[in-house]
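In: here is the input, now give the coordinates:
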Amino acid sequence: MTSIADLIRKLRSHENKRVLEAVEELRVRGWLSDGTLNTVPLCHVHMERADLIGANLRNVDLHQADLRWADLSMADLSGCDLSRVKFREANLSATNLAGADLYKANLQGARNLTDEQLAQAKRLYGAIMPDGSVYDGCYNLPGDLQFANWGQVDPQDAGAMAAFLGVPLEVYLQGQQHKAVLMRGV
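Out: The predicted structure follows:
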């Protein structure tokens, strides 16, 4: 009988077919949605095209994972390390990103991702947004502000924040206006 340890080893395979088989077996056994994988380090996994609908991956270290074309609908990725993750064309419909670290994540082409979801993240510094632009600081996320403070950048100085984020001042200011509009809608 295949153990959870065996399936976790399969998840870490460089062969996408083996990874997808492991995901399916985890789903069949109920281990994908019951929290069994919470806090398991799965950095660098190759989960392209994985069916992760409703997966409970809370606090999982997925940094540098490949989740291109994965279906993460209704998945719980809260508290995850998603830094440098490839989300190209992934379905993120109703995915919980609360407290997730999306440092330099590639979200280009990600589908069904809302401002509300992104505003719940911990950090988006350096992330490529669904439209292909670099994150402009519009959500004023706690992790981004802490990172700026660590770099001795004054978050109240728009020019300094724009330079810190690597975006033109006009883009940063437009992002701040976007944030104000979002806050009024709440």
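In: helices or strands next to the helix or strand bottoming out on mean pLDDT in the chain in the packing?
Out: When each helix and strand of the chain is scored by mean pLDDT, DSSP states H and E, helix 169-185 comes last, with a mean of 80. Applying 3 or more C-beta pairs under 8 Å, 6 or more residues apart in numbering; DSSP states H and E, one finds that helix 169-185 contacts helix 158-165. C-beta here means a position set from N, CA and C on the backbone, and glycine is covered the same way.
In: about what we covered before: got the angle for the least confident helix or strand of the chain vs helix 158-165?
Out: 100 degrees (axes from the mean of the first three to the mean of the last three C-alpha atoms, to 10 degrees).
In: got a list of contacts for helix 169-185?
Out: Residues from elsewhere that reach helix 169-185, judged by C-beta atoms under 8 Å, 6 or more residues apart in numbering: 115, 119, 133, 136-140, 158-159, 161-162, 165, 167.
In: low pLDDT regions in the chain?
Out: Applying pLDDT under 70 to the chain picks out residues 180, 182-186.
In: recalculate using a threshold of 80.
Out: 1, 178-186 (pLDDT under 80).
In: can I see the domain layout of it?
Out: Following automatic domain parsing, the chain resolves into domains at 1-135, 137-186.
In: re the thing from before, just the buried residues from the contacts of helix 169-185, in PyMOL please.
Out: One line in PyMOL is enough to select the buried members of these, burial here meaning 16 or more other C-beta atoms under 10 Å:
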select buried, resi 119+136+137+138+139+161+162+165+167
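In: what's around the closest residue to residue 131 other than its chain neighbours, how many residues?
Out: Nearest residue to residue 131, sequence neighbours excluded (C-beta to C-beta, 6 or more residues apart in numbering): residue 108, at 7.7 Å. Residue 108: 16 surrounding residues under other C-beta atoms under 10 Å.
In: residue 108: helix or strand, and which one exactly?
Out: For residue 108, there is no enclosing helix or strand under DSSP states H and E.
In: that older thread, can you put the contacts of helix 169-185 in a markdown table and add distance to residue 151?
Out: As requested, the contacts of helix 169-185 are exported to a markdown table (distance: C-beta to C-beta, whole Å):
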| residue | distance to residue 151 |
| --- | --- |
| 115 | 26 |
| 119 | 22 |
| 133 | 22 |
| 136 | 17 |
| 137 | 13 |
| 138 | 19 |
| 139 | 18 |
| 140 | 16 |
| 158 | 16 |
| 159 | 14 |
| 161 | 11 |
| 162 | 13 |
| 165 | 11 |
| 167 | 15 |
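In: perfect, I'm done here.
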